Every structure is written in C-alpha cells, then in structure tokens.
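> no sequence for this one, just the structure:
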C-alpha cells in the first residue's frame with residue numbers, strides 16, 4: 001500500500017533559504033497551524049528544512065530550527081522553497097537535484113517570494129506557468145530566458161505552485177486548504193486571521209500604475225506599463241508610442257507635461273533605478289546587472305550609471321556597503 005495512503009495528515013516541507021522574508025513564511029505556515037487548531041486534529045504535518053546546517057535565519061534575524069533535512073524525505077505531499085532577495089546568490093546543486101527528484105516522484109513543488117527562482121534554476125519550471133515577486137522578475141528573465149512568467153499573486157499549474165510572497169501566501173494557502181477540506185472550512189481559517197477579502201491568484205502584485213505615478217492619463221499609463229514590462233529588453237520609442245496609439249512626438253509631449261521628463265529619459269531612469277536596486281540587494285556582477293536592465297554591455301551601463309549618480313557601479317556598491325544611508329536616482 002502507498003505510504004501516503006496510510007497517513008491522514010498532509011505532509012509539508014518548508015525549505016527556508018537564509019534571508020527568507022518572515023512575512024511570506026508566516027503567511028504560508030500559519031494557515032496550516034490554524035487548520036490543525038480549529039480541526040482539533042493534525043491535518044498538516046509541517047517540517048522545516050534549512051538549505052544547510054541545523055537552522056535558517058530570516059531577513060529580520062529570526063531563527064527557525066530544522067526538524068528535517070534535504071534528501072532525508074521524499075514522501076512529502078508539498079515542498080515550498082521560501083526565499084528573499086538573497087536567493088540571487090544561491091546556487092546549491094544539492095537542493096536543485098533534490099527538487100528534481102521530488103518532481104520525478106510526483107510531489108507538489110512550489111516557491112514563495114524569491115523561491116520560484118530556485119525552482120527555475122533546478123529546471124523544474126519548464127513548460128509550466130509561474131510567478132515570482134515583482135522585485136525578482138528581471139533577475140529571473142536575465143538568467144533563465146524560457147519561462148512562462150505571469151505577474152500574478154500565485155499560480156497553480158499541475159504539480160507546481162508559485163507565489164509572489166508577502167501576504168499573497170495567505171491567499172494561496174486558502175486555495176490549498178479549500179482543495180483539501182472545502183470552502184467552508186477554508187473560510188473559517190481565513191476568518192481566524194481577519195483575512196476576509198480573499199484575493200484570486202491572478203490578481204496584480206503591485207498597486208496600480210495610476211496610484212504609483214499619480215496620473216490617470218490612459219496613454220501615459222499604457223506607456224509606463226510597457227516600459228515596466230520591458231526593463232531587460234527595452235523597447236524603442238516608436239514601439240512604445242505605437243502601443244499607446246500615439247506618435248513619438250505626442251508621447252514625448254505627454255511625458256513632459258505629466259512627468260517632466262522626455263519619454264526616453266524617463267525610461268532610462270527607470271532602468272537605472274532597477275540597476276541601482278540590484279547593486280544594493282544582490283552580488284550580481286556589473287555585466288549581469290547590465291543584462292538584467294537592458295544595457296548593451298557592462299561598459300555602456302557603467303558609463304550611464306556614472307553620469308547619473310557620479311559614481312561607477314563598483315564604487316557605488318562599495319559606498320552603500322559601508323554606510324546605511326540610501327540614495328535614489330531622481
């Protein structure tokens with residue numbers, strides 16, 4: 001008889017990559033804990049697996065002790081990799097090999113926040129729809145070109161489950177619990193956390209462009225959306241204008257009127273801001289960041305970056321590593 005048929009509880013493994021976001025972790029595990037509490041029985045058996053060692057440390061310094069280890073079990077029903085921006089520097093062949101083994105055994109495998117990048121590196125997302133935290137989109141695109149990426153809160157595609165992170169994991173786990181125990185019980189769990197407004201998986205990860213840029217000009221919003229979606233592979237001005245139903249001259253006029261910059265200049269600043277963020281939060285090389293933000297090469301990127309900030313990317317990174325002060329490209 002199948003081992004899984006012998007046990008009633010659904011077995012969940014949480015792979016915690018050092019630097020994992022505590023909000024995403026709590027949003028994933030707490031609905032499972034509450035399910036056990038409200039059902040007055042063990043519906044979910046949750047195990048914590050560090051990538052290495054006997055504990056994992058969150059981005060805020062919280063320590064979670066291991067109660068299982070990579071490769072030790074393959075009879076999980078669900079394994080979720082939870083990671084933050086530090087995952088950019090993680091290249092763990094043992095973890096990737098284990099994920100491939102789990103997939104070959106039919107285990108539901110997922111990632112939360114930066115976790116989907118680990119799955120993509122392991123080669124288990126090919127042919128599957130997926131999402132990732134919006135902050136990691138350009139890193140993923142620059143590193144792994146053939147992915148079916150969606151800007152959603154979470155995506156379930158057969159035996160893959162990916163989530164943008166943060167509180168979106170609450171919505172994702174609501175769906176998981178609904179699948180196992182029905183909508184009435186799942187709603188009890190969501191009500192327990194005062195989570196009464198359940199979002200759908202395909203809801204947007206970020207607030208609307210109108211709110212972020214303080215404009216309701218429809219052509220401008222279309223242009224900004226196109227630019228945000230093409231950081232690593234920037235569009236020509238004429239292409240952006242065509243998408244908005246305007247000429248290049250009209251588009252420039254709209255940008256200068258509402259955002260006080262030409263369209264080309266604003267687009268360049270948008271890409272440089274993303275590069276600045278990657279310099280702060282990752283150890284990607286200058287050439288890799290240049291690729292992720294759509295510059296022809298590292299030299300071209302360095303030149304443009306220095307014109308705007310007064311520092312080369314290398315010196316900028318050295319400066320921010322020695323001070324807590326932050327700068328922004330205005």
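Alright, I've got the coordinates. Computed from a predicted structure; not experimentally measured. Residues are numbered from 1 along each chain as shown.

> Would it be right to say that residue 45 lies in a helix?
No. Read with DSSP: H, G, I helix; E, B strand; the rest coil, residue 45 is strand and lies in no helix.

> show me what contacts it?
7, 9-12 (Cβ atoms under 8 Å, 6 or more residues apart in numbering). Heads up, the C-betas are built off the backbone N, CA and C, glycines and all.

> roughly how far apart are it and residue 32?
For residue 45, the distance to residue 32 equals 9 Å [Cβ to Cβ, to the nearest Å].

> returning to what we had before: looking at the contacts of residue 45, spot the one nearest residue 116.
Nearest to residue 116 among the contacts of residue 45: residue 12, at 17.2 Å, using Cβ to Cβ.

> List phi and psi for that closest one.
phi -120, psi 130 (degrees, to the nearest 10).

> go on, residue 50?
phi -70, psi 160.

> Residue 310 too?
With angles defined as degrees, to the nearest 10, residue 310 sits at phi 80, psi 0.

> and what of residue 145?
Main-chain dihedrals, residue 145, degrees, to the nearest 10: phi -80, psi -30.

> how close does it get to residue 69?
33 Å.

> of those two, who's got more company?
The neighbour comparison of residue 145 against residue 69 (other Cβ atoms under 10 Å) goes to residue 69, with 17 against 8.

> Just list the residues touching the spatially closest residue to that one that is not a sequence neighbour, thanks.
Spatial nearest neighbour of residue 69, excluding adjacent residues (Cβ to Cβ, 6 or more residues apart in numbering): residue 49 at 6.1 Å. Residues in contact with residue 49 (Cβ under 8 Å, 6+ apart) are 13-16, 66, 68-70.

> Residue 49 looks like it's in a helix, true?
No. Counting by three-state DSSP, residue 49 is located in no helix; its state is strand.

> PyMOL command to pick out the buried ones of the contacts of residue 45?
Here is the PyMOL command that selects the buried residues among those (16 or more other Cβ atoms under 10 Å):
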select buried, resi 10+11+12
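
> out of the contacts of residue 45, who's nearest residue 189?
Closest to residue 189 out of the contacts of residue 45 is residue 10 (13.8 Å), distances taken as Cβ to Cβ.

> Could you pull up the contacting residues of the closest one?
43-45, 77-78, 180.

> gap between residue 184 and residue 276?
48 Å.

> Between those two, tell me which one has more neighbours.
Looking at residue 184 and residue 276 with other Cβ under 10 Å, you find the greater number of neighbours at residue 276, namely 23 against 8.

> and whatever helix or strand that one lives in, what does it pack onto?
Following DSSP states H and E, one finds residue 276 within helix 263-281. Helices and strands touching helix 263-281, by 3 or more Cβ pairs under 8 Å, 6 or more residues apart in numbering; DSSP states H and E, are helix 137-143, helix 218-228, helix 237-244, helix 248-259, helix 286-292, helix 298-309, helix 313-321.

> Adding mean pLDDT, write these out as JSON lines.
Formatted as JSON lines, the helices and strands packed on helix 263-281 follow (pLDDT from 0 to 100):
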{"stretch": "helix 137-143", "mean pLDDT": "83"}
{"stretch": "helix 218-228", "mean pLDDT": "89"}
{"stretch": "helix 237-244", "mean pLDDT": "92"}
{"stretch": "helix 248-259", "mean pLDDT": "95"}
{"stretch": "helix 286-292", "mean pLDDT": "87"}
{"stretch": "helix 298-309", "mean pLDDT": "92"}
{"stretch": "helix 313-321", "mean pLDDT": "86"}
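
> Kindly reformat those helices as TSV containing mean neighbour count.
What follows is the helices and strands packed on helix 263-281, written out as TSV (neighbours: other Cβ atoms under 10 Å):
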stretch	mean neighbour count
helix 137-143	21
helix 218-228	18
helix 237-244	18
helix 248-259	16
helix 286-292	21
helix 298-309	16
helix 313-321	15
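
> could you dump the ones you listed to CSV with distance to residue 114?
As requested, these are exported to CSV (distance: least, Cβ to Cβ, whole Å):
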stretch, distance to residue 114
helix 137-143, 9
helix 218-228, 19
helix 237-244, 29
helix 248-259, 30
helix 286-292, 14
helix 298-309, 23
helix 313-321, 20
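
> To residue 88, which of these lies closest?
Closest to residue 88 of the helices and strands packed on helix 263-281, according to Cβ to Cβ: helix 137-143, at 5.7 Å.

> gap between that closest one and the chain center?
In terms of Cα atoms, centre = their mean, to the nearest Å, the centre of helix 137-143 is set 10 Å apart from its chain centre.

> rewinding a little: could you check how far the residue nearest to residue 69 is from residue 260?
Taking Cβ to Cβ as the measure, residue 49 falls 50 Å from residue 260.

> Can you give me the separation between the most centrally placed residue in the chain and residue 321?
In the chain, the residue lying closest to the centroid (Cα atoms, centre = their mean) is residue 133, at 2.0 Å. For residue 133, the distance to residue 321 equals 23 Å [Cβ to Cβ].

> again, but for residue 67
In terms of Cβ to Cβ, residue 67 sits 35 Å off from residue 321.

> picking up where we left off before, so the residue nearest to the centre of the chain sits right up against residue 114, yeah?
Yes. Under the criterion of Cβ atoms under 8 Å, residue 133 makes contact with residue 114 at 6.1 Å.
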